[in-house]
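In: Generate a structure from the sequence data that follows.
(chains A, B, C and D)
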There are 2 protein chains.
Amino acid sequence: MDPHRLLVFREIARAGSIAGAARTLGWTQPAVSQHLRLLERRAGTALVLRRPRGVQLTEAGRILLEHAEAVATRLSAAADDLDALTHLREGTVRLAAFPSASATIVPAAMSLLGGRHPGVDVRLREAEPPEALKLLAAGEADLAVTFAHGGRELQEHPGSEEHPGMVRTPVGEDPVLLVLPRSHPQAGSADRPVDLRSLAAERWIAGCERCAASLRRACGEAGFVPDVRHGTDDYVVTQALIARGLGIGLLPRLALDAFTAPGVAVRAVPGLRPRTLYLVHPREADRIPAVRAAVQALRDTLIPAPGAP
Amino acid sequence: MDPHRLLVFREIARAGSIAGAARTLGWTQPAVSQHLRLLERRAGTALVLRRPRGVQLTEAGRILLEHAEAVATRLSAAADDLDALTHLREGTVRLAAFPSASATIVPAAMSLLGGRHPGVDVRLREAEPPEALKLLAAGEADLAVTFAHGGRELQEHPGSEEHPGMVRTPVGEDPVLLVLPRSHPQAGSADRPVDLRSLAAERWIAGCERCAASLRRACGEAGFVPDVRHGTDDYVVTQALIARGLGIGLLPRLALDAFTAPGVAVRAVPGLRPRTLYLVHPREADRIPAVRAAVQALRDTLIPAPGAP
DNA sequence: GGCGAGACCCAAGCGATACTTATGGCGTGG
DNA sequence: CCACGCCATAAGTATCGCTTGGGTCTCGCC
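Out: As a prediction, the model looks like this:
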């Protein structure tokens, strides 16, 4: 049952004649006639009776016409659905982002995207970079916002981040700042830069594995090994510990944008390498309009930062 | 939205890979790949993401797959329906037949057909030949059982029976018999043939227009003009009048097979031309299996008359 | 760690399919 | 009665679609 012939048959039935169908199709009459002939041969029964003023459907023709109409309706619906997706009247983007981004730039980008394409549905799942990459690989997310410590030239060992088939584009840097208790001797005079070497005797609070590694590397370059007393991924917990004088730590600016505890002071440390922010998605995912639009919204939020709050 | 490509896409989705779809289709891999590429080009969005172990559907692909499944289901249902019609598991024949046939041979043929093909639905509409031909021409009947008076060589004027595009095949002859009251002098001695000339003084009861014309022609050849007193199409009415001695008449054997009044006698008249029975249908209607089967059942009932009651 | 297997893409060639052209039959209406 | 509309058939041609023979990439296996 060749569906193309079925649609030609539908035109014959609608026009009431083979020549009429040929006109609406922009074909010649024998072309339509041959389609009908082959269709009747496969069917094993006459589908129309040739009458002087055109053709008349047989019982088989009437039944076939119902199916043809149903097929045509489905094809039209499919085209409509695809059109809605390509023109962003519909669509879904499953976004995975790490916590401090999920609290700051991602909501801003989602708002921007929602204004541009109200029909596009963005679903956020908060996930640290390694987990976000797993979600991408498993097909459970379309787009991930990740970060990596160290400057752009200092990339970590391949194999962990180098998921095959994923493209990772840097979209900005997030400076790493020193967080101290307000009562700390170096908490005042925000203009004067802090030398990391002056903090060799401090007790430290580290974050996740990769953040702790970044801390150790920075301290190592400053000539000491940090005395890490506590560890937590959560930047609210980190600041609560710092505010109580239980240690000091490094936090990226995005985390501090999301939340800064009243009892802490924030200072810049020259030479401290920022973390790099990335958008990651499967290689061909940028051919999905909704993903492309989400990428654009995130870039517009991050790169020129025209109206980000 | 090319439906053929849509079905290829369904195979890709089902197999989970382009190469797998190619295997089930018996094609090479690039063939399937090209179909997918064109489909994605027309769609304006990626339908699958190429992954190491095959492909993974995007949102657009998942939606398209639903439509593809629906189309495939419809196509399969269409093929099934056509198969049922061609193999006579289903089907409808709208039959038009004149009254005396409708009471005799048509029920027998319908019974025969019902035994051969229980799924075929025959719908009988009783109609005199001119009306039956109108039903055929209007497409409201598929097959007509008609008759024409006069031997096969003596056909009436064209234009009335010569409906264009209709084929008329003779399927038997129906002798015309003389019907007398039992009290009539010539009612006895059934073996002796009756000479029409001996009935010149009788009062006659005529049937329909064409039957009356047939009567007049037969009497004219016998050398007299019949004294027609009454007229009716109904062979029961005719016999009621005859039984009461109100006239005599000619009736075909089929009518007498359907009903013979107790008060009448039936005699053969040598030289009286029988009426010819015909099956009529549109030229191509014999390419409709159900019609062909109905024609065959009617012929089997009429021609060798193996088990006709 | 190099290397084959599997999956995919691209470009080019060829063959089958499908549409066109040309012609004739049939029925209807001016 | 002839001209027109509708349909069928046959042959030609052009397009589409599948194959062939390259290549890249990832994974898994020695």
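In: So what's the residue count around the one residue in the stretch 151-300 of chain A that gets nearest to chain B?
Out: Proximity of the stretch 151-300 of chain A to chain B (Cβ to the nearest Cβ) peaks at residue A:287, 3.9 Å away. Bear in mind the C-beta positions are built from the backbone N, C-alpha and C, glycine included. Applying other Cβ atoms under 10 Å in any protein chain shown, we find 17 other residues in the vicinity of residue A:287.
In: same thing with residue A:176?
Out: 22.
In: dump the residue contacts of it.
Out: Under the criterion of Cβ atoms under 8 Å, 6 or more residues apart in numbering or on different chains, the neighbours of residue A:176 are A:149, A:214, A:250, A:251, A:252, A:253, A:269, A:272, A:273, A:274, A:275.
In: which of those residues lies closest to DNA strand D?
Out: Nearest to DNA strand D among those: residue A:149, at 23.8 Å, using Cβ to the nearest atom of the strand.
In: Is that closest one in contact with residue A:210, as I believe?
Out: Yes: in this structure residue A:149 lies within contact range of residue A:210 using Cβ atoms under 8 Å: 5.9 Å.
In: Neighbour count for the two, which is higher?
Out: Between residue A:149 and residue A:210, counting by other Cβ under 10 Å, residue A:149 is the more crowded of the two (24 against 18).
In: Need the pLDDT of the more buried one.
Out: Listed pLDDT for residue A:149 reads 82.
In: same question, residue A:42
Out: In this model, residue A:42 carries a pLDDT of 92.
In: can you count the residues close to it?
Out: A total of 13 residues lie near residue A:42 under the criterion other Cβ under 10 Å.
In: just residue A:291 next, same as before
Out: For residue A:291, the number of neighbouring residues by other Cβ under 10 Å comes to 27.
In: now the one 4 residues further on
Out: Other residues within reach of residue A:295, judged by other Cβ under 10 Å, total 22.
In: Same question for residue A:57.
Out: Residue A:57: 19 surrounding residues under other Cβ under 10 Å.
In: do the same with residue A:225
Out: Tallying neighbours of residue A:225 according to other Cβ under 10 Å, which is how burial is gauged here, yields 10.
In: pretty sure it is touching residue A:219, no?
Out: Yes: the pair residue A:225 and residue A:219 passes the contact test of Cβ under 8 Å, sitting 6.4 Å apart.
In: quick one, phi psi at residue A:141?
Out: With angles defined as degrees, to the nearest 10, residue A:141 shows backbone torsions of phi -140, psi 150.
In: thought it was touching residue A:97?
Out: No: under the criterion of Cβ under 8 Å, residue A:141 is not in contact with residue A:97, lying 9.5 Å apart.
In: Overlap of the contact sets of those two?
Out: Between them, residue A:141 and residue A:97 share the neighbouring residues A:125, A:127, A:132, with contact defined by Cβ under 8 Å, 6+ apart.
In: wait, what's in contact with residue A:132?
Out: So, once contact is read as Cβ under 8 Å, 6+ apart, residue A:132 ends up touching A:96, A:97, A:98, A:141, A:144, A:145, A:146, A:280.
In: pLDDT wise, what is the most centrally placed residue in chain A at?
Out: Centroid check for chain A by Cα atoms, centre = their mean gives residue A:143 as the closest residue, at 2.5 Å. pLDDT, residue A:143: 96.
In: how about the residue nearest to it when sequence neighbours are not counted, secondary structure?
Out: Leaving out its chain neighbours, the residue that sits closest to residue A:143 by Cβ to Cβ, 6 or more residues apart in numbering or on different chains is residue A:281, at 4.8 Å. Secondary structure, DSSP: H, G, I helix; E, B strand; the rest coil: residue A:281 is strand.
In: Touching, residue A:281 and residue A:292? I think so.
Out: No: with contacts defined as Cβ under 8 Å, residue A:281 does not count as touching residue A:292, sitting 9.5 Å away.
In: How much space separates the residue of the stretch 151-300 of chain A closest to chain B from residue A:87?
Out: When distances are taken as Cβ to Cβ, to the nearest Å, residue A:287 and residue A:87 turn out to be 15 Å apart.
In: What residues sit buried inside the worst-scoring helix or strand of chain A on mean pLDDT?
Out: Per-element confidence for chain A was summarised using mean pLDDT, DSSP states H and E. The lowest value among helices and strands belongs to helix A:209-222, with a mean of 85. Of the residues in helix A:209-222, those with enough neighbours to count as buried (16 or more other Cβ atoms under 10 Å in any protein chain shown) are A:210, A:211, A:212, A:214, A:215, A:218, A:219, A:222.
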